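dropping the sequence and predicted coords here.
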Number of protein chains: 2
Amino acid sequence: MMGKKGAILILSGPSGCGKSTLLKKVYEEIEDYSFSISSTTREPRVGEKDGVDYYFITKEEFEEGIKKGEFLEWANVHGNYYGTSLKPIRAAVDEGKLVIFDIDVQGHNIVRKKLDDIVTSVFITTPSLKELENRLNSRNTDSKEVIERRIENAKTEIKSFKKYDYLIINDDLEKASKELIAIANITRIKSRLFSDEIVNNWLIN
Amino acid sequence: MMGKKGAILILSGPSGCGKSTLLKKVYEEIEDYSFSISSTTREPRVGEKDGVDYYFITKEEFEEGIKKGEFLEWANVHGNYYGTSLKPIRAAVDEGKLVIFDIDVQGHNIVRKKLDDIVTSVFITTPSLKELENRLNSRNTDSKEVIERRIENAKTEIKSFKKYDYLIINDDLEKASKELIAIANITRIKSRLFSDEIVNNWLIN
């Protein structure tokens, strides 16, 4: 198979839009994907595994990575570093994997800027703000303050949907998951993922 | 449903790449599509229907359309005009239809230029030139001259695949049709098809 290459799929959308449920459906249907895993210098908590929950690395390794420009994004929270390293992402893409990111608008913009050619992005939202509020309130998992902050974030983030390739309005889980699976399935056949060499190979084979 | 809008799907690829077979599969699976129909000033042949085979219009109507810039492309062949008018395409897209074009690279470039925002395009090809030659020879429908011309065209057209959004290498009909159906299904959720008004509607609903 010529030009087989992986790609990156970014999903963003307000907390409460149904992203996690949709992602589960995608995992059941598509092949050869991997999930973007963050790196951190904090200690693993009970049950956390290296390469699954995080890449647990040393402060020295992390700072070396920052110097080399290996981090798409990073932050220092209460003295611990957290960040997304390009290294494992590039390795997975080269293996032909679809690397899936579940990140916010700011994270999307950074990944897009650094890896535009191999990125396909999807903004997921509820049909309306009212519906988002209903869903967040009915989940009964978050405090009033958290819900309010999420709603404020959502109001800001929706304004960026045009920066994404696709918009999924999750008013029907079946329909929305069908759309997301379709996107995941075709991300690897974007013409921009294929090199110009393909023409030469096509002509001589 | 907010922002429901149609789109245009362009398919190109060398004669013998399996485009017609793939298209049939798409028609079975997707909804609310229409096929781009050319206009002509020539007389209908026996069995040809207006609005199905062509839009049969008068020379005056055609020339009026040319003046108004309504034709994506047009040609005068032996005194008869042939062309693709924007008018019925725009009407179908406004109704929410997916308008499908089966055109060559040159046609693609023109449609893309004029209607970039609403176009998604797919280049379909065989795994190799050799395989294309085999398929064309085994069909036994074309003269040697026609086959040679098609092969020369294919050699030129493959060089333009990067101008398309997607590349489908039709080495497995089942896989290729799955890919094309997925593209057809998600073309209408490209974020660029949604207006900025969506944000206002989302916030107040």
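That came through, no problem.

in chain A, mark out all the helices, start to finish.
Under the criterion DSSP state H, chain A carries helices at the ranges A:19-29, A:59-67, A:86-94, A:105-115, A:129-139, A:144-157, A:173-186, A:197-204.

which ones are touching the residue nearest the centre of chain A?
Chain A has residue A:101 as the residue nearest its centroid, 1.4 Å off, counting by C-alpha atoms, centre = their mean. With contacts defined as C-beta atoms under 8 Å, 6 or more residues apart in numbering or on different chains, the neighbours of residue A:101 are A:8, A:9, A:10, A:11, A:36, A:107, A:108, A:111. Placement of C-beta: from N, CA and C, glycine included.

any idea of the pLDDT on the last one?
What it means is residue A:111. Listed pLDDT for residue A:111 reads 89.

tell me how far the residue nearest to the centre of chain A lies from residue B:41.
Distance, residue A:101 to residue B:41, by C-beta to C-beta, to the nearest Å: 54 Å.

and residue A:52, by the same measure?
Look at residue A:52 and residue B:41: by C-beta to C-beta, they are 67 Å apart.

looking at the two, which one has more neighbours?
For the pair residue A:52 and residue B:41, the greater number of neighbours falls to residue B:41 (19 against 10), based on other C-beta atoms under 10 Å in any protein chain shown.

related to what we said a few turns ago, so which of the contacts of residue A:101 reach chain B?
Restricting the contacts of residue A:101 to those within reach of chain B (C-beta under 8 Å from any C-beta of the partner chain) leaves nothing.

low-confidence ranges in chain A?
Counting by pLDDT under 70, chain A contains low-confidence ranges at A:1-4.

okay, now the domains of it?
With automatic domain parsing as the criterion, the domains of chain A are listed as A:1-32+A:97-205, A:37-95.

with distance to residue B:58 added, can I get these in a markdown table?
Formatted as a markdown table, the entries for those read as follows, by distance: least, C-beta to C-beta, whole Å:
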| stretch | distance to residue B:58 |
| --- | --- |
| domain A:1-32+A:97-205 | 41 |
| domain A:37-95 | 56 |
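
for burial, what's the neighbour tally of residue A:34?
Residue A:34 is surrounded by 16 other residues when neighbours are defined as other C-beta under 10 Å.

no, scratch that, I was asking about residue A:79
Residue A:79 has 8 neighbouring residues, counting by other C-beta under 10 Å.

please apply the same query to the one 5 residues further on.
Neighbour count of residue A:84, defined by other C-beta under 10 Å: 21.

nearest spatial neighbour of it, chain-adjacent residues omitted?
Residue nearest to residue A:84 in three dimensions, not counting chain neighbours: residue A:72, with 4.5 Å by C-beta to C-beta, 6 or more residues apart in numbering or on different chains.

how much space separates that neighbour from chain B?
Distance of residue A:72 to chain B, computed by C-beta to the nearest C-beta, to the nearest Å: 22 Å.

that residue contacts residue A:112, correct?
No: with contact taken as C-beta atoms under 8 Å, residue A:72 and residue A:112 are classed as non-touching, separated by 10.2 Å.

out of the two, which sits in the busier spot?
For residue A:72 versus residue A:112, the count of surrounding residues by other C-beta under 10 Å is larger for residue A:72: 20 against 16.

ok, that one - contacts?
The contact partners of residue A:72, by C-beta under 8 Å, 6+ apart, come to A:83, A:84, A:85, A:86, A:89, A:107, A:110, A:111, A:114, A:115.

burial of residue A:109, as a residue count?
17.

that one reaches residue A:164, doesn't it?
No: the pair residue A:109 and residue A:164 does not pass the contact test of C-beta under 8 Å, sitting 10.2 Å apart.

hmm, back to that, ranking the domains of chain A by burial, who's on top?
Across those, the average number of neighbours (mean count of other C-beta atoms under 10 Å in any protein chain shown) peaks for domain A:1-32+A:97-205, which reaches a mean of 18.

separation between residue A:151 and chain B?
11 Å.

scratch that, residue A:37
When distances are taken as C-beta to the nearest C-beta, residue A:37 and chain B turn out to be 27 Å apart.

now do residue A:174
Residue A:174 sits 13 Å away from chain B when distances are taken as C-beta to the nearest C-beta.

ok, residue A:121 next?
Plainly put, residue A:121 is 9 Å away from chain B if you go by C-beta to the nearest C-beta.

beta partners for that residue?
Per DSSP bridges, residues listed as beta-bridge partners of residue A:121: residue A:10.

contact partners for it?
Under the criterion of C-beta under 8 Å, 6+ apart, the contact partners of residue A:121 comprise A:9, A:10, A:11, A:12, A:108, A:112, A:163, A:164, A:165, A:166.

over to residue A:34?
Shown here is residue A:34, whose contacts under the criterion C-beta under 8 Å, 6+ apart are A:92, A:97, A:98, A:99, A:100.

next: residue A:74.
Taking C-beta under 8 Å, 6+ apart, we find residue A:74 in contact with A:62, A:66, A:81, A:82, A:83, A:84.

now do 7 Å
A:66, A:81, A:82, A:83 (C-beta atoms under 7 Å, 6 or more residues apart in numbering or on different chains).
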